[in-house]
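>>> with the sequence up front, the predicted model follows.
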Amino acid sequence: MVGPPERRLLEPWQDPKAQPYLRIERVTKKYGDVYAVDDVSLAIFQGEFFSLLGSSGCGKTTLLRMLAGLEQPSAGRIYIDGADVTDIPPYRRPVNMMFQSYALFPHMSVERNVEFGLRQERLPRAERSERVAEMLDLLKIAELRKRRPHQISGGQRQRVALARALVKHPKLLLLDEPLGALDKKLRENTQFELVNLQERLGITFVTVTHDQEEAMTMSTRIAVMDAGQIVQVDTPTGIYEYPNSRLVAEFIGSINLFDGKVVDRVGDEVLIEGAIGRPMRMRCLQPLALGTPVAVGVRPEKLRPCERYTDDGVNQVRGTVEDIAYLGDVSIYHVRIADGPMVEMTLANIQPRTEQALTWGQEVAMEWSPTSGVVLTD
Amino acid sequence: MKRNPWTLYTVLAFGYAFLYVPVLLLIIYSFNESRLVTVWGGFSTKWYGELLQNRQLLDAAWLSVRIAAVNATFAVLLGTLAANALVRHGRFRGRTGFSLLLTAPLVMPDVIIGLSLLLLFVTLQQVIGWPDGRGFTTITIAHITFSMAYVAVVVNTRLGQMDRSLEEAAMDLGARPLTVYLQITLPLIAPALVSGWLLAFTLSLDDLVIASFVSGPGSTTLPMVVYSSVRMGVSPQINALATLIVLFVTLAVIIAGLAMRGRREG
Amino acid sequence: MASSRIQQRPPEASGRPSRAARLSHWLNVGVPYFWLLVFFLLPFVIVLQISLAEPMLGQPPYTALWEWAGDAMVQVRLNLANYLLVLEDDLYLAAFLNSLWIALVCTLLCLLIGYPMAYAIATAPERWRMPLLMLIVLPFWTSFLIRVYAWIGILKPNGLLNNYLMALGLIDEPLVILHTQLAIYIGIVYSYLPFMILPLYANLARMDHTLLEAAADLGCRPAQAFLRVTLPLSMPGIIAGSMLVFIPAVGEFVIPDLLGGPQSLMVGRMLWTEFFNNKDWPLASALAIVLLLLLVIPFVAMQRWQQRIEGQRT
């Protein structure tokens, strides 16, 4: 695996002395013989916006529900702020959840919904109404106070659900597909609003999503899950630029994978020969024995047309443009390599499309730099 | 959706006519002057007057109403518990047997239920001395046994449609299980509880066969009086009684409908 | 992560439910279960037992199945005569067959009338569905006995139907309908029709209309689409409705008694007569047991279908 470059920000997960705020230790959840969550360990720090990302059925929601206490782990422990909460029922956990369906109580007004959690704490009425009013103002839904959930829009319901969970000042806010029920435009606006809210309140957020874009925009870190296990935990940049496996590489965005074998090592670069017929040279800090089968992963936007395609050139491929998908800001080119795979290249449309040089059936040579890809071993 | 072919609506019209014409005739002839129920002899309300004088019938009606009310209350309790068990307790041991036992009373012929319960009561009295004779208690127990199955069906449907995450959300917000049940689940299934109660009440008020088996001397229910009077032949008093029942039920349905609409819009 | 896969999984928690959960389980499952066991299942055991006893004069009017014969001996006397009688006597056999036949005919009639009605309601404009459905349920809330009684006034020789037909000049002689099998059919179909319509409606209303559009799009004529798409998909509703009509109809008492007259041959009436008029409790019990055994098959079939529907829904 290629080591990431030094980070600019001070990040708690980089600091060996930092104490995690939420610690998940070898948690497993079994339904019959099926492992929904299989031996997962995670450390999440205070103030993080952490995302569990994966396709449906990967166990992310089950993990979230175990954090809320709605499911009991079959094995493993969960610590929040140093305290073991594994056996604590949901109603005594300092954790609140925003449900995917929002789960607003249909027989209560917006105000009563938000107040519900505070009533359970038996807080005095004055404090309750003060906190409710404050939260309704913060989320700009004060005028909906007296309405019932079915009388407000989807976006407004989402805010009520958020207010209802946040008003309890939880140590941890869990969000199950927080934006899943909103339409695309609203979703984009809400993403930024959620992040702002989280930074302002300083509450640690753990969210579950299947939408990689959503996870990339909002999260401090992302855990990619598959088949009940965590495959990679990293920052959005880390996940995208330095995936640690084919699975993550292909799950997040698109990537071109060129199979090959390690044939030589020069300093921190390795030489790989394989499918595309000519050598590839990649930066790789991981110690790899000669002959190791690997795949070189290059994102479509990291490819660029090359001027000089030579017989001994490294990191070059050539093929014929078969398809062009025009997306406005960029175009995606599907290039068929002679007896090889289809390669995807993305180019920004700097000039109007009509003036672009590349067209169907045209032969094109492409190259990438040794630092703009990854070497994957599995 | 495409419009319905007229044949369908014709069938519908005939179907409703089939269901309602007999009841309408019953009502019309309750205002018949003549004792011969089927010959019109002029308008009169005298049968209502006689009905209200009929001591035996009124006593039976009062007994039936009391049994029906007690029955409905217990049936709602037990039926709701049973529905909770089916929906909320998933796969417990003996679940298949439980749901079999719970559905069987829905279709079991009345004569079988009546006979078997009578034999149970007789045997129990022999063995443990309870119940002491038959009457109010035995009829009520018998009615609860089959009414609870109906209530369970109604509540089960409602519980099944309910979004489970509402209860989870309440728990997540700090409500203990009992609080969740009382503040979230019960209000949300309340309409089912009300209709379950009314259904159980009606079923009990309507039952002739089972009550005939398990009743004792001195505990004659309304259907038993109606039955023996009907066996004697048609009687205009029964028409009057039928009219009152239809009137009562229709009013109840209209009020319930208005109340539901009010709730939905409020 | 990859490394942790090699390690042994940590031991699993015992998963013992909390006290509150146990209490809730005990209350929700235990209480109704206990009630049903005592007041629904146990009675059948007793019926079985008494069906093997002999009738006698007394209170209760049957012999005990076992008695102490001294010297630590229990004498058990099982009397199979009741069953032999039920199975050998033509009258009882005829009553059983006739009950099944009547129930079958009535189920088919209910289906024939109920299916188009349910279909019409399910495809009616949205705002009409609830009122239409209410009108189906409404008679169910008024007294069953009285609704059966209404038909006596209509069907009897000098009843409303005959008066009306004669006034129109369509017939000269009153039709004899009351106290015939036809009257029983009418009574049962009339009383049980809502039981057929409701499950059918529930099933048809849930059906995805785009399926029919897809069938039409693929070249199916409306009639074909109905036969190949709607009808097979409404099978669960048909089964449920049919069982709700068939099973109780077999043991019906009130309708054959009031409309079918003294000659009507149905098990429910036989049982009633043996019990109330002849005071032969063991024979009545034997009839009940045989009837019960007959009904077990359709009942189990109904349960199977119900579970299948539940399975589909989840």
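Here it is on my side, so go on.

>>> how many neighbours does A:E199 have?
Close neighbours of A:E199, defined as other CB atoms under 10 Å in any protein chain shown, add up to 11. For the C-beta atoms, the positions are set from N, CA and C on the backbone; glycine is no exception.

>>> with the one 3 residues further on instead?
Other residues near A:G202 come to 8 when the count uses other CB under 10 Å.

>>> one more: B:P5?
Count around B:P5 with other CB under 10 Å applied: 12.

>>> hey, where'd the helices end up in the stretch 101-250 of chain B?
Applying DSSP state H, counting those that start in this stretch to the stretch 101-250 of chain B gives helices spanning B:110-128, B:136-161, B:164-172, B:177-180, B:186-206, B:209-214, B:222-232, B:236-265.

>>> got these as a markdown table, with mean neighbour count, distance to chain C and mean pLDDT columns?
Compiled in a markdown table, those are given as follows (neighbours: other CB atoms under 10 Å in any protein chain shown; distance: least, CB to the nearest CB, whole Å; pLDDT from 0 to 100):
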| stretch | mean neighbour count | distance to chain C | mean pLDDT |
| --- | --- | --- | --- |
| helix B:110-128 | 22 | 3 | 93 |
| helix B:136-161 | 23 | 5 | 94 |
| helix B:164-172 | 23 | 12 | 94 |
| helix B:177-180 | 17 | 6 | 92 |
| helix B:186-206 | 20 | 5 | 91 |
| helix B:209-214 | 25 | 5 | 96 |
| helix B:222-232 | 19 | 5 | 90 |
| helix B:236-265 | 16 | 4 | 80 |
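
>>> excluding its backbone neighbours, what's nearest B:V107?
In this structure, B:V107 finds its nearest non-sequential neighbour in C:I247, 3.9 Å apart by CB to CB, 6 or more residues apart in numbering or on different chains.

>>> run through the residues that contact that neighbour.
B:107-109, C:103, C:295, C:298-299, C:302 (CB atoms under 8 Å, 6 or more residues apart in numbering or on different chains).

>>> and the angle for the strand or helix carrying it with helix B:110-128?
Element membership for C:I247 (DSSP states H and E) is helix C:235-250. If you take axes from the mean of the first three to the mean of the last three CA atoms, to 10 degrees, helix C:235-250 sits at 60 degrees to helix B:110-128.

>>> chain center to helix C:235-250, what's the gap?
Relative to its chain's centre, helix C:235-250 lies at 7 Å (CA atoms, centre = their mean, to the nearest Å).

>>> buried residues in it?
Applying a neighbour-count criterion of 16 or more other CB atoms under 10 Å in any protein chain shown, the buried positions in helix C:235-250 are C:236-250.

>>> tally of neighbours for residue 61?
In the absence of a named chain, this looks at chain A. 22.

>>> to clarify, I was referring to chain C.
Counted with other CB under 10 Å, C:P61 comes out at 17.

>>> list the contacts of it.
Taking CB under 8 Å, 6+ apart as the test, what C:P61 contacts is C:55, C:279-281.

>>> picking up where we left off before, for the contacts of C:I247, which one is nearest chain A?
Comparing the contacts of C:I247 against chain A with CB to the nearest CB places C:M302 closest, at 28.7 Å.

>>> the closest one and chain B, how far apart?
Separation of C:M302 from chain B (CB to the nearest CB, to the nearest Å) stands at 7 Å.

>>> just checking, that residue is part of a strand?
No: going by DSSP: H, G, I helix; E, B strand; the rest coil, the assignment for C:M302 is helix, not a strand.

>>> leaving out sequence neighbours, find the closest residue to it.
Of all residues not flanking C:M302 in the chain, C:M243 sits nearest, at 3.9 Å (CB to CB, 6+ apart).

>>> pretty sure that neighbour is touching B:V107, no?
Yes: between C:M243 and B:V107 there is a contact at 6.5 Å, judged by CB atoms under 8 Å.

>>> who touches both of those two?
Common contacts of C:M243 and B:V107 (CB under 8 Å, 6+ apart): C:299, C:302.

>>> ranking the contacts of C:P61 by neighbours, who comes first?
Neighbour max across those (other CB under 10 Å) = C:W281, 24 neighbours.

>>> tell me which of the contacts of C:I247 is nearest to B:L58?
B:P109 (30.6 Å; CB to CB).

>>> can you get me the start-to-end distance on stretch C:164-178?
16 Å (CA to CA, to the nearest Å).

>>> what's in contact with the lengthiest helix in chain A?
Ranked by number of residues, the top helix in chain A under DSSP state H is helix A:184-201. Identification of contacts with helix A:184-201 by CB under 8 Å, 6+ apart yields A:49, A:138-139, A:154-155, A:158, A:162, A:166, A:173, A:178-179, A:182, A:205, A:214, A:217-218.
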